[in-house]
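*Asks:* predicted model follows, preceded by the sequence.
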Amino acid sequence: MGKGAPASKPATKVPTKVMKSKESIAKSEMLKVRPRKGEAGCPPRPEMLPHHNWFLCHTQKGLDAARKLMAAHPRSTMLPQSQWPAGVKPVSVPRPGWLPMNFAFGIKTTCKCPLKAYISPWKKMYYHRDVIEQILGKQLGPGDGLEGAKRWAKEQLEKGFGWRGPYKFNHDDKLLALLTKSEKAHLPDVSAFHFAVISARRADVREGIMRCMNVEAMLRAGGAEPVWYVDEKSVQSYRRLGLNAVKGGGLCEARNLALADAAKKKKACVQLSDDIMSWNYYHTKEVCKDMFEGNAAAKRAQKLRLSPVAAARYLLARMRASPKKPKLGGVFPLGNSGMALAHVPLGTENFILGDFFVHDGSPNRFDTKLRLKEDYDFTASHLDKHGSVLRCNRLLLSVVHERNEGGACSERDAAGEREREAIRHLQEKWPGVFCKNGSRGDTQVVMSWRRRKS
């Protein structure tokens, strides 16, 4: 280039046209018309569909063809192995609980890696749950329907699993490490407890089955072997789930039977409800002025998720090390951590919730005249006889309660008369101790032992 000649401009890069395959174009077009979540025609759980499961081989045509085959081959039992597609063999692994009973389950042997195969009644093979859900037009969760839920529950419990899998509690040791030296000297082994789950009419309800098996799995994860005290009509239903169920009778009769069984074994009795989802401990030294400060403190606190066994061991160690020697220990009665942190860490005259408590050899028993609010009376009887209880206001439960079908919910009436009847009985038996909770209506009470009238 000569001197003084204008500098040449750099060559502009011409964008290369990307050629899309027919498959890519089909997928793009499908995405444009794909119905949104909640709209008609949307497949189950679209956010979980694998990238290779685009509407059953990318077209509606394949889905329609599969549904026509399904309609032409109605059968309630799975295909015999002789009619399976080539290259599939049986497997000893338990079949998935979500798989419909008329689908066979095997392993495809023509792949480099073993691939689970689901053989339909129309002799077609599928590899993904989402595709089967699309064909059937419904979601197949763990346990399809009531019988499927029962089968799933039994299979999971045989493996020691809960509804969604195994439970692991990594904070149990941290909780027990918080005990003082004198309290650790009273720390009992799991064999020192009789774990009793008080339940009724849950084993024939899908949600109840899920809750029950989760409680059982959490207890087993901590090394416990619980006994289920249930109503007479439901004993066999509970046993079919794999639970150690015995006839308990009514609510108070079941509770008293559990206390008697523990006394025979010379063990502390731990009673718990069948719908507890978690046990949580808030590790903090703060005692707040009100619930709002408590909410902020709860966010700062170290939250320990515990097994029910560790929670019971912790309570009993503190009970036995206490100079007041209480025979009844429990947890904060509400799931509100802000309210809990507005109380002192330990209470000695507070209401002990019946959903989870430790009973250490007292002769006190539940009043069989009560069908509801029996735990209020039980707390009062312990304060009357032993002078104190022990309530840990840093230990909270997450519980499904009044919206959960079965159990004590079936003892309540829509008008609330049974609860008002129980309140009248409490007020007559313990004058001055129980008054109606003005902020929660006339079916709830507030307990104050100091107001007791002689």
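*Replies:* Arrived safely, thanks for sending.

*Asks:* going by C-alpha atoms from here, please, whenever you check contacts or count neighbours.
*Replies:* Fine.

*Asks:* next helix or strand past the lengthiest strand in the chain?
*Replies:* Criterion DSSP state E: the longest strand present in the chain is strand 276-283. The helix or strand immediately downstream of strand 276-283 is helix 291-300, counting by DSSP states H and E.

*Asks:* and the contacts of that following helix?
*Replies:* 282, 286-288, 337-342 (C-alpha atoms under 8 Å, 6 or more residues apart in numbering).

*Asks:* buried sites along that helix?
*Replies:* For helix 291-300, the neighbour count (16 or more other C-alpha atoms under 10 Å) marks 291, 293-295, 297-298 as buried.

*Asks:* now for the nearest residue to residue 212 once chain neighbours are set aside, how many residues are close by?
*Replies:* Nearest in space to residue 212, with sequence neighbours left out and distances taken as C-alpha to C-alpha, 6 or more residues apart in numbering, is residue 274 at 5.3 Å. Residues lying near residue 274 (other C-alpha atoms under 10 Å) number 27.

*Asks:* doesn't residue 219 make contact with residue 274?
*Replies:* No: counting by C-alpha atoms under 8 Å, residue 274 stays clear of residue 219, with 11.2 Å between them.

*Asks:* so who does the residue nearest to residue 212 touch?
*Replies:* 197-199, 211-212, 215.

*Asks:* restricted to helices, list those.
*Replies:* 211-212, 215 (DSSP state H).

*Asks:* want to throw these into CSV with distance to residue 78?
*Replies:* What follows is the ones in helices among the contacts of residue 274, written out as CSV (distance: C-alpha to C-alpha, whole Å):
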residue, distance to residue 78
211, 30
212, 30
215, 33
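
*Asks:* all helices for the stretch 151-300 of the chain, in order.
*Replies:* In the stretch 151-300 of the chain, the helices defined using DSSP state H, counting those that start in this stretch lie at 172-177, 181-184, 206-221, 235-240, 251-265, 291-300.

*Asks:* right, and those - which one's nearest residue 96?
*Replies:* helix 206-221 (16.3 Å; C-alpha to C-alpha).

*Asks:* so which of the helices of the stretch 151-300 of the chain is the most surrounded?
*Replies:* Ranked by mean neighbour count, the helices of the stretch 151-300 of the chain are led by helix 206-221 with a mean of 23 (mean count of other C-alpha atoms under 10 Å).

*Asks:* report all helices and strands that that one contacts.
*Replies:* Applying 3 or more C-alpha pairs under 8 Å, 6 or more residues apart in numbering; DSSP states H and E, one finds that helix 206-221 makes contact with helix 145-158, strand 276-283, helix 308-321.

*Asks:* who touches the first one?
*Replies:* I take that to be helix 145-158. Contacts of helix 145-158 (C-alpha under 8 Å, 6+ apart): 97-98, 142-143, 162-163, 165, 204-206, 209-210, 213, 216-217, 240-242.

*Asks:* so what's the gap between the longest strand of the chain and the chain middle?
*Replies:* 12 Å (C-alpha atoms, centre = their mean, to the nearest Å).

*Asks:* so what strands line up beside it?
*Replies:* strand 302-306 (antiparallel), strand 395-399 (antiparallel) (DSSP bridges).

*Asks:* buried stuff in that strand?
*Replies:* Those would be 276, 278-283, for strand 276-283 by 16+ other C-alpha under 10 Å.

*Asks:* closest one of the residues you listed to residue 420?
*Replies:* residue 276 (25.6 Å).

*Asks:* excluding chain neighbours, what is closest to that closest one?
*Replies:* Using C-alpha to C-alpha, 6+ apart, the closest residue to residue 276 is residue 399 (4.4 Å).

*Asks:* quick one: contacts for that neighbour?
*Replies:* So residue 399 contacts 275-278, 335 (C-alpha under 8 Å, 6+ apart).

*Asks:* now, among those residues, which is nearest to residue 348?
*Replies:* Among the contacts of residue 399, and counting by C-alpha to C-alpha, the member closest to residue 348 is residue 335, at 19.5 Å.

*Asks:* ok so, going back, using a markdown table, please lay out the contacts of residue 399 together with pLDDT and distance to residue 329.
*Replies:* Shown next, in a markdown table, are those (pLDDT from 0 to 100; distance: C-alpha to C-alpha, whole Å):
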| residue | pLDDT | distance to residue 329 |
| --- | --- | --- |
| 275 | 93 | 20 |
| 276 | 96 | 17 |
| 277 | 94 | 20 |
| 278 | 95 | 18 |
| 335 | 93 | 17 |
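
*Asks:* isn't residue 365 up against residue 258?
*Replies:* No: the pair residue 365 / residue 258 is not scored as a contact, 10.3 Å apart, by C-alpha under 8 Å.

*Asks:* now tabulate the buried residues of strand 276-283 in TSV and tack on distance to residue 418.
*Replies:* As requested, those are exported to TSV (distance: C-alpha to C-alpha, whole Å):
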residue	distance to residue 418
276	24
278	29
279	30
280	32
281	34
282	35
283	38
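
*Asks:* what about the closest residue to residue 108 other than its chain neighbours, distance to residue 115?
*Replies:* The shortest distance from residue 108 to any non-neighbouring residue, by C-alpha to C-alpha, 6+ apart, is to residue 88 (4.4 Å). Distance from residue 88 to residue 115, counting by C-alpha to C-alpha, to the nearest Å: 9 Å.

*Asks:* so those two - more neighbours on which side?
*Replies:* Using other C-alpha under 10 Å as the criterion, residue 88 and residue 115 rank with residue 88 on top: 20 against 14.

*Asks:* isn't the more buried one up against residue 109?
*Replies:* Yes: judged on C-alpha under 8 Å, residue 88 makes contact with residue 109 at a distance of 5.8 Å.

*Asks:* that older thread, ok, the contacts of residue 274 vs residue 454, which is closest?
*Replies:* Nearest member of those to residue 454, counting by C-alpha to C-alpha, is residue 198, at 33.6 Å.

*Asks:* could you give the number of residues near the closest one?
*Replies:* By other C-alpha under 10 Å, neighbour count at residue 198 equals 27.

*Asks:* give me the beta-bridge partners of it?
*Replies:* Bridge pairing for residue 198 - DSSP bridges - gives residue 229, residue 273.

*Asks:* list the residues that contact it.
*Replies:* Residue 198 sits in contact with 228-230, 251, 254-255, 271-274, where contact means C-alpha under 8 Å, 6+ apart.

*Asks:* what does the model give it for pLDDT?
*Replies:* Among the per-residue scores, residue 198 holds a pLDDT of 97.

*Asks:* thinking again about what came up before, between the longest strand of the chain and helix 291-300, how many degrees?
*Replies:* 90 degrees (axes from the mean of the first three to the mean of the last three C-alpha atoms, to 10 degrees).

*Asks:* and the angle from strand 276-283 to helix 308-321?
*Replies:* Using the same axes, to 10 degrees: strand 276-283 against helix 308-321 is 50 degrees.

*Asks:* give me the contact list for strand 276-283.
*Replies:* Taking C-alpha under 8 Å, 6+ apart as the rule, strand 276-283 contacts 175, 211, 214-215, 298, 301-308, 311, 355, 394-400.
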